[in-house]
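Colleague: Mind folding the following:
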Amino acid sequence: MATAETATEADVATPPPTPQSPLRQALDNIRALDQRQKLAAGALVAMLVALVIGTLLWQRAPDYAVLFSNYDERDGGEIIAALQQQNVPYRLSPSGTAIMVPSAQVHDVRLRLAAAGLPKGGLVGFEVMETQKLGVSQFHEQVNYQRALEGELSRTIQSIASVASARVHLAMPKQTAFLRNDQAPTASVMVNMRPGRFLDAAQVAGIVHLVSSSVPRMTESGVNIVDQNGNLLTKKPDPQERPGLDPNQLRYIEEVEAAYIRRIETILTPMVGAGNFGAQVTADIDFNQVEQTAETYKPNPTPDQAIRSQQISESSERDRGPQGVPGALTNQPPVPATAPVTAPPVDPNGGNGNPLLNHSRNATINYELDRTIQHMRQSLGQIRRLSVAVVVNHRSEVNANGQVVNVPLTEEEIARITNLVREAVGYNATRGDSLNVAASPFVATGGGPVGPLWKDPQVIGMGMEAGKYLLIALAVLLAYLAVIRPLLRVVVPPREEAEEEEEDEDAYEDDAEVTLSEEALAGETFEQRVERARELARDNPKLIAELIRTWMGVNEEGRK
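Modeller: Numbers count the residues shown, from 1 in each chain. Sure, this is the predicted structure:
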């Protein structure tokens, strides 16, 4: 009884504690922790600091970019030695085919290595002439010149985007004063193509022209090019085989077909819309060159024929009478003249009266002829035949239910499209042209096959860059949820909870004071007081703790 009254008097006499600042309250709560809790909190804080520092250092690590790749082994060793001498950090790719340096230093390091003549590319150019010793023989000088020329040509060919590496071999025979024994130089080129790349006919012709123009007296026919698979890229036409079309002729055929397709597209796009039709044209073109000369003669149909030349010959022959042998019969006296009863007819030809035995007359007249001479030369690229195919999509209409349906084209529409296409391509049935127009519903097709997105290098780079910041965010969130938040709850309780606890403590203290005063006055038994104290301890243990501190004479200020 006296103990309860004394406690009540002490509580009443003790002034209410002053409100503490959050920092002091946090320090007090930290001091209230036991040794195990303090060690756990310190370990968590250290882990959090290490995680944040490691993430920041990893995020600030420089990105490495490729400095050189597919280099020669000798060049690789010299490049690494130069990087070590210049204190430039470097890495090797997992395959060992690329040297990487920080991306911010790629261009600077590349220029510095270029000033040192690296990489050399495993080829020797005209720089070999700079180190030529005095007194070298003419043979060695010629060999060095040939090596330098081969190296320079190889470097030039390697500058083509599709070529990874190249080697050039020159066969340069010694010049002689005898023209019969003179041989032209030849060249062999070996090209190593990049994956998925190839040389077209124009690029092959360019390499051939480049090499032949760089070596004196070398012709384009003396240059052969082979790829890494052993395929001959400069195949010469075999005269025994049937000659085919050269690239220029194939290109001309493609241009002609494309021109006809553009005509069809121009005429059909306003009618059916773009993407609602397809057209293909196959042109059979004659590349044979024909020259023909014709000379024709026709009779002159006009009556006034022009005489070119005329020749007339006439001859006649008469009987000269009996002719005897000189003798007695011929020496007889003449017969006396008698007057004829009738006079003999006069010969119109002035003859002597002998009968006309033979008479002929020949006339030759040459007239001018109607002659025509034609010289025809057929130009190249004459179209022998056209084959045209056009497919048109069905019309799209909205039915009564508001749905889009495909409606087939009518026969009249197909006939109208056929006539338009026939006029657009210049259809000629005489030469055997063919035209086919069909109507069919089109099937919606997606894009071509796309590789996995996670294999795209650009996506991989973006993912790695975003992963850095995502990892930092996750680390901060994990540290907050696992360390900071629980620690703050222990060290600095929320303001609302603290106020509620203070209000509850005040209420319990008031109730306790009243209860103890009433119990003291009522004179309850000892067992009842003990039971009441137990209930109070169960309901508000903090109040009991403060009461015990008060009994012991220790308060917040004294503990400090």
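Colleague: quick one, phi psi at residue 119?
Modeller: phi -80, psi 150 (degrees, to the nearest 10).
Colleague: just for the stretch 51-200 of the chain, where's the confidence low?
Modeller: Along the stretch 51-200 of the chain, segments meeting pLDDT under 70 span 59-62, 121-130, 177-181.
Colleague: Strands of that one, start to end?
Modeller: Counting by DSSP state E, counting those that start in this stretch, the stretch 51-200 of the chain has strands at residues 64-69, 91-92, 98-102, 163-171, 186-193.
Colleague: ditto for the stretch 301-450 of the chain
Modeller: Under DSSP E, counting those that start in this stretch, the stretch 301-450 of the chain gives strands at 307-318, 356-367, 370-378, 382-392, 395-398, 404-407, 434-439.
Colleague: Out of these, which is the most enclosed?
Modeller: Neighbour counts averaged per stretch over the strands of the stretch 301-450 of the chain are highest for strand 382-392, at a mean of 17; criterion: mean count of other Cβ atoms under 10 Å. Just so you know, the C-beta spots here come from the backbone N, C-alpha and C atoms, and that holds for glycine as well.
Colleague: any idea of the mean pLDDT in it?
Modeller: Averaging pLDDT along strand 382-392 yields 92.
Colleague: quick one, that strand and strand 434-439 angle?
Modeller: For strand 382-392 against strand 434-439, the angle by axes from the mean of the first three to the mean of the last three Cα atoms, to 10 degrees is 10 degrees.
Colleague: The residue lying closest to residue 112 once chain neighbours are set aside: neighbour count?
Modeller: Using Cβ to Cβ, 6 or more residues apart in numbering and skipping the chain neighbours, the partner closest in space to residue 112 is residue 86 (6.9 Å). As a burial measure, residue 86 scores 14 neighbours (other Cβ atoms under 10 Å).
Colleague: ok, residue 86 to residue 102 distance?
Modeller: According to Cβ to Cβ, to the nearest Å, residue 86 stands 13 Å off from residue 102.
Colleague: now residue 423
Modeller: Counting by Cβ to Cβ, the gap from residue 423 to residue 102 is 67 Å.
Colleague: Who has more neighbours out of the two?
Modeller: Using other Cβ under 10 Å as the criterion, residue 423 and residue 102 rank with residue 102 on top: 18 against 11.
Colleague: Look up how far residue 108 lies from that one.
Modeller: Counting by Cβ to Cβ - residue 102 and residue 108 are separated by 10 Å.
Colleague: Domain ranges for this structure, per the record?
Modeller: Under the TED database, the residue ranges defining each domain of the chain are 62-121, 123-235, 245-299+363-398+405-442.
Colleague: Out of the ones you listed, which gets nearest to residue 530?
Modeller: domain 62-121 (74.3 Å; Cβ to Cβ).
Colleague: And the helices in the stretch 51-200 of the chain?
Modeller: Assigned by DSSP state H, counting those that start in this stretch, the stretch 51-200 of the chain shows helices spanning 73-85, 106-115, 138-158.
Colleague: Which neighbouring elements make contact with the first one?
Modeller: So that's helix 73-85. With contacts taken as 3 or more Cβ pairs under 8 Å, 6 or more residues apart in numbering; DSSP states H and E, helix 73-85 sits against strand 64-69, strand 98-102, helix 106-115.
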